[in-house]
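Engineer: Could you work out the structure for the sequence below:
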Amino acid sequence: KYELRTSFVINVTKESLSAIKGSSRAQVSLLKNVADLYELSPYDMVTLTKIKKEYEQTAIEYVTAEFVTVAIKDQFLSRGGLYYFHNDLIGKWMYENERLNTNIGVRANVTELRQGTGTIKLGMVTENTKITVRSRSSRII
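Structural biologist: Below you'll find the predicted structure:
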């Protein structure tokens, strides 16, 4: 008996699509943390659905996180650093409890992703996403 689980959207490249087309039995690899969020076990059956170009914007809206809370510690970030940090996160996929290592050297943990009135497990950061940065050390200074 198969149980329907919450669906999510992932970005697939042309190279990975050609590998799937050439095989009658394809494998989808996910990070263990993401698989645990959705309670997926090894060799679970999944269904892949290609999203048509005309529905691409709707799919992006479906997976966009409206609010993201990240925690940093033992680091100093100026206002300019926060600006670059925010810009570095745009277009990235995040999941709950993910450890971020950005291109500008900021290390952070994703503590919460929200969409609408509820929390989500996985989401994409866009220009419209509100990012909250929390730090215990900033309370001391």
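
Engineer: Would you give the sheet partners of the longest strand seen in the chain, along with the direction of each?
Structural biologist: Looking across the chain with DSSP state E, the single longest strand is strand 107-115. Using DSSP bridges, the strands paired with strand 107-115 are strand 67-72 (antiparallel), strand 99-101 (antiparallel), strand 118-119 (antiparallel).

Engineer: which of these sits most buried?
Structural biologist: Neighbour counts (mean count of other Cβ atoms under 10 Å) averaged over each of the strands paired with strand 107-115 peak at strand 67-72, with a mean of 18. Every C-beta, even on glycine, is put in place using the N, C-alpha and C of the backbone.

Engineer: Any idea what the nearest residue to Phe67 once chain neighbours are set aside is bridged to?
Structural biologist: The shortest distance from Phe67 to any residue other than its chain neighbours is 4.1 Å, reached at Arg114 (Cβ to Cβ, 6 or more residues apart in numbering). Bridge pairing for Arg114 (DSSP bridges) gives the partners Phe67, Thr119.

Engineer: Could you measure from Arg114 over to Tyr62?
Structural biologist: 14 Å (Cβ to Cβ, to the nearest Å).

Engineer: And Lys130, by the same measure?
Structural biologist: Taking Cβ to Cβ, one finds Lys130 at 18 Å from Tyr62.

Engineer: again with Val133
Structural biologist: Val133 is 26 Å from Tyr62, by Cβ to Cβ.
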